[in-house]
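**Q** coords please:
(2 chains)
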There are 2 protein chains.
Amino acid sequence: MTAETDARTPADEHSVGLVETQFAELFSPPNPLQLRGGTTLGPITVAYQTYGELSPEKDNAIYVCHALTGDMHAAGRMEKRRKSGWWDGFIGPGKTLDTNRYFVICANVLGGCQGTTGPASLNPESGRPYGIEFPFVTVEDIVNVQAELVRHLGIDQLLAVIGGSLGGMQVLQWAADHPEQLNAAIVLASAARLSAQGIAFNAVGRRAIYADPNFKDGQYYEQEEGPRFGLALARMVAHITYLSEDSIELKFGRRLQDSETLSHDLHSETEFQIESYLHYQGKRFVERFDANSYLYLTKAMDYFELAPNPGDLAQTLSKTDARFLVVSYDTDWLFTTAQSKEIVRALLSKQKHVTFSELSSPYGHDSFLIELDQLRELVEPFLHETLKATRG
Amino acid sequence: MTAETDARTPADEHSVGLVETQFAELFSPPNPLQLRGGTTLGPITVAYQTYGELSPEKDNAIYVCHALTGDMHAAGRMEKRRKSGWWDGFIGPGKTLDTNRYFVICANVLGGCQGTTGPASLNPESGRPYGIEFPFVTVEDIVNVQAELVRHLGIDQLLAVIGGSLGGMQVLQWAADHPEQLNAAIVLASAARLSAQGIAFNAVGRRAIYADPNFKDGQYYEQEEGPRFGLALARMVAHITYLSEDSIELKFGRRLQDSETLSHDLHSETEFQIESYLHYQGKRFVERFDANSYLYLTKAMDYFELAPNPGDLAQTLSKTDARFLVVSYDTDWLFTTAQSKEIVRALLSKQKHVTFSELSSPYGHDSFLIELDQLRELVEPFLHETLKATRG
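**A** Predicted coordinates for the structure are as follows:
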């Protein structure tokens, strides 16, 4: 099943506003969802994609968890989209997550805006989009939905769960809450909790959205324009944190965008290349992402804390017998190597099988989306060994 | 002359809007200012404070350059202000810049909003505040005004010029443009050019101001409210960059502000202590700072580049025979030790007298405002030696 051949169900009837028309598989869990925050939510829809074929033994499934602004379109082409999936260099025939060998699943997260139920979806009670009436969601809720989807696909045990950043948090949550449903956990550029600095940057992004006069308490879907300025600003500041200082310096330095000399003009907002780049990133982002989803998912990220202290962390992770691969990047200052090592130490203290590597890359936090060759060298043999161990 | 005894001239007639009433000394240069951007500006007013007494030989004057959001109120009390000056622990009788011994001068920068001519000042041509009709100012312009003030005070040669961050940029500009007017240059937590990452954060801050509907192309002074949300947001993001990751973690971690458990409430913007702190910083800032000044001064910071390449930097700094003291902080990621070392290397390549120290502090970029004891250990003997060398 690939996006090209099986994309058949338009999801636009399930969501409104800024959400673009989706062509993905859809799944509706039979029961309402019991949320960590205390409320229930349902019925919900989950938009997902699969790549490759499930083996008759159903032992070759890999669940891919996307990061903050990703979605189920992880690889290949998808109808109505001009670009390939966000991890297209990593998933496909002959690639690291080799679709000739593995069955790869990726779903848009709960609270997202690409087909899975989120704040832009219609609230059956009011007949209009939830907006910020949407219930609070946590990484636990997000992963519970994923586990339901996996069961729905007839899979008892995943070969592996993999993800970077917020995706890596989901992988850790899988290991904590569904310890018997996975044989391997691959955690990239992530942490057992978001740092205070990470919370700070997210808080600034949310403030930008809240302060946008078009935000209108989250009920902007029927307006001509939503909180575009606020969302773009949130993306700009987040984008800086995804890059390393060195990569910004290398890529842009102090080079100017369109002229050879400084304009001495206050009105130019895109005079330096780095400014122009950030403005472009912000602008592009608002075309594809819903501001309310940004609020909800950054909050889920802030709230994520696998265990309040290192001792508990070991206990939390001890429930699974999954093999772990933990990867950090030396220039990632949003999710540091020290944070990855905390996970590794907790696992080792419980005699878990864990492989750890700090990879060297100039690309900062974004490295797991860019440096696919070095990642392949780690992930490919790790998956082979896991599959071999699973098949005995 | 101290703020308490000599503060006599209200500057509020020279500025409007958000600018609070000042009681500072005022100086108006006799001739219009020739700006680096090509235009002229004048007449202008410079609000300044002095501390201590100028020696009969006029050889004990130290010029203090303030950073982005500081002003002339560097020490002591000032009428109508509840707090002491921003460097009060550093300047005063018996302190590092000992006012029993030295004559200390500090002026609000050109383009600022605390009494020196800036965008909130009345444009004599239009009869209303300049707003963004104010001409573009650079660090060169800022320092030229300071040099005029120093001459006006009857001082041919300063014992030292000292400043951190944007203040350190001014010190470097003093050395480059007025090489014979200073005997020592003390550059704290600064650089010969702003990094691309620094430009990026400034660009985000400016975007927040521009996008605020109350910005009104900079002509908000007659409104009830200026671009408060935008300016507060700019301050929040900048504030994160002033702190080290460790200090945020140490000071706030993931602790909650008012409750013991997570609320699972999207509407709470100040649930974590770090969120509450940033919101408070933003809110307080808009009470004392003008958004247009923030635009102009961050642009001046972005534009600052003492020399386009390291070879030229040595040439630029070779014009002065001043003794240099360069200080960086190990947790400062906005102005890194590597950037300080670039200055030091340039000076050494020209056989200049230079002392360099990387100080260890958890406080990141803000360290030069906080860690005054360790700074004293370096600055005090450096000034003594300079004075001794000057007096022969």
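**Q** can we go C-alpha only for contacts and neighbour counts from here?
**A** Will do.
**Q** all strands for chain A, in order.
**A** A:25-27, A:33-34, A:40-41, A:46-51, A:61-65, A:91-92, A:97-98, A:103-107, A:160-164, A:184-188, A:323-329, A:354-359 (DSSP state E).
**Q** what angle do the fifth one and strand A:46-51 make?
**A** Put plainly, it is strand A:61-65. Angle of strand A:61-65 versus strand A:46-51, following axes from the mean of the first three to the mean of the last three Cα atoms, to 10 degrees, is 130 degrees.
**Q** sheet partners, orientation included, of strand A:61-65?
**A** Strands that pair with strand A:61-65, judged by DSSP bridges, come out as strand A:103-107 (parallel), strand A:160-164 (parallel).
**Q** taking strand A:184-188 as reference, get the angle to that strand.
**A** 30 degrees.
**Q** let me see the mean pLDDT of strand A:61-65.
**A** In this model, strand A:61-65 has a mean pLDDT of 98.
**Q** got the residues of chain A near chain B?
**A** Taking Cα under 8 Å from any Cα of the partner chain as the contact definition, chain A meets chain B at A:37, A:132, A:136-137, A:195-197, A:199-201, A:203-204, A:207-208, A:211-213, A:229, A:233, A:236-237, A:240, A:245, A:248-249, A:252-254, A:262, A:264-266, A:269, A:274-275, A:278, A:295-296, A:299, A:303.
**Q** okay, the strands paired with strand A:61-65 in CSV with mean pLDDT next?
**A** Converted to CSV, these look like this (pLDDT from 0 to 100):
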stretch, mean pLDDT
strand A:103-107, 98
strand A:160-164, 98
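**Q** could you dump those strands to JSON lines with distance to B:Y329 and mean neighbour count?
**A** As requested, the strands paired with strand A:61-65 are exported to JSON lines (distance: least, Cα to Cα, whole Å; neighbours: other Cα atoms under 10 Å in any protein chain shown):
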{"stretch": "strand A:103-107", "distance to B:Y329": "44", "mean neighbour count": "25"}
{"stretch": "strand A:160-164", "distance to B:Y329": "32", "mean neighbour count": "25"}
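**Q** JSON lines for those, including distance to A:K319?
**A** Converted to JSON lines, the strands paired with strand A:61-65 look like this (distance: least, Cα to Cα, whole Å):
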{"stretch": "strand A:103-107", "distance to A:K319": "24"}
{"stretch": "strand A:160-164", "distance to A:K319": "16"}
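**Q** in the stretch 101-250 of chain A, what residue comes closest to chain B?
**A** A:A196 (5.1 Å; Cα to the nearest Cα).
**Q** and that residue, how many neighbours does it have?
**A** Residue crowding around A:A196 was assessed by other Cα atoms under 10 Å in any protein chain shown; the count is 25.
**Q** contact partners for it?
**A** For A:A196, the contacting residues are B:245, B:248-249, B:252-254, B:274, by Cα atoms under 8 Å, 6 or more residues apart in numbering or on different chains.
**Q** excluding its backbone neighbours, what's nearest it?
**A** B:G253 (5.1 Å; Cα to Cα, 6 or more residues apart in numbering or on different chains).
**Q** surely that neighbour meets A:S195?
**A** Yes - using Cα atoms under 8 Å, B:G253 makes contact with A:S195 at a distance of 7.1 Å.
**Q** which of those two has more neighbours?
**A** Shown here are B:G253 and A:S195; by other Cα under 10 Å, A:S195 has more neighbours (22 against 19).
**Q** got the contact list for that one?
**A** Here A:S195 is in contact with A:334-335, B:249, B:253-254 (Cα under 8 Å, 6+ apart).
**Q** now rank those by neighbours and give me the top one.
**A** Neighbour max across these (other Cα under 10 Å) = A:F335, 27 neighbours.
**Q** count the residues that sit near A:G127.
**A** The burial count for A:G127: 9, using other Cα under 10 Å.
**Q** run through the neighbouring helices and strands of the top helix by length along chain A.
**A** Of all the elements of type helix in chain A, the one with the most residues (DSSP state H) is helix A:372-391. Judged by 3 or more Cα pairs under 8 Å, 6 or more residues apart in numbering or on different chains; DSSP states H and E, the packing partners of helix A:372-391 are strand A:323-329.
**Q** and for stretch A:240-248, what's in contact with it?
**A** For stretch A:240-248, using Cα under 8 Å, 6+ apart, the contacting residues are A:274, A:331-334, A:362-366, B:196-197, B:200-201.
**Q** next one: stretch A:150-165
**A** By Cα under 8 Å, 6+ apart, stretch A:150-165 touches A:58-68, A:168-171, A:174, A:180-191, A:335, A:365, A:368, A:383, A:386-387, A:390.
**Q** mark which of those residues are buried, thanks.
**A** The neighbour count (16 or more other Cα atoms under 10 Å in any protein chain shown) marks A:58-68, A:168-171, A:174, A:180-191, A:335, A:365, A:368, A:383, A:386-387 as buried among the contacts of stretch A:150-165.
**Q** tally of neighbours for A:G94?
**A** A:G94: 11 neighbours (other Cα under 10 Å).
**Q** got the CA coordinates for stretch A:127-145 in CSV?
**A** The C-alpha trace of stretch A:127-145 is given here as CSV (Å, rounded to 0.1, in the frame of the first residue of the first chain):
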residue,chain,number,x,y,z
GLY,A,127,-21.7,21.8,14.8
ARG,A,128,-18.7,24.0,14.4
PRO,A,129,-14.9,23.5,14.7
TYR,A,130,-13.7,22.7,18.2
GLY,A,131,-11.1,25.5,18.2
ILE,A,132,-9.8,25.8,21.7
GLU,A,133,-12.8,23.9,23.0
PHE,A,134,-10.9,20.8,21.9
PRO,A,135,-9.8,18.9,24.9
PHE,A,136,-6.2,19.0,26.1
VAL,A,137,-4.1,16.2,24.6
THR,A,138,-0.9,14.7,26.0
VAL,A,139,1.8,12.5,24.4
GLU,A,140,0.1,9.6,26.3
ASP,A,141,-3.2,10.3,24.5
ILE,A,142,-1.4,10.6,21.1
VAL,A,143,0.3,7.2,21.6
ASN,A,144,-2.9,5.5,22.9
VAL,A,145,-4.5,6.4,19.6
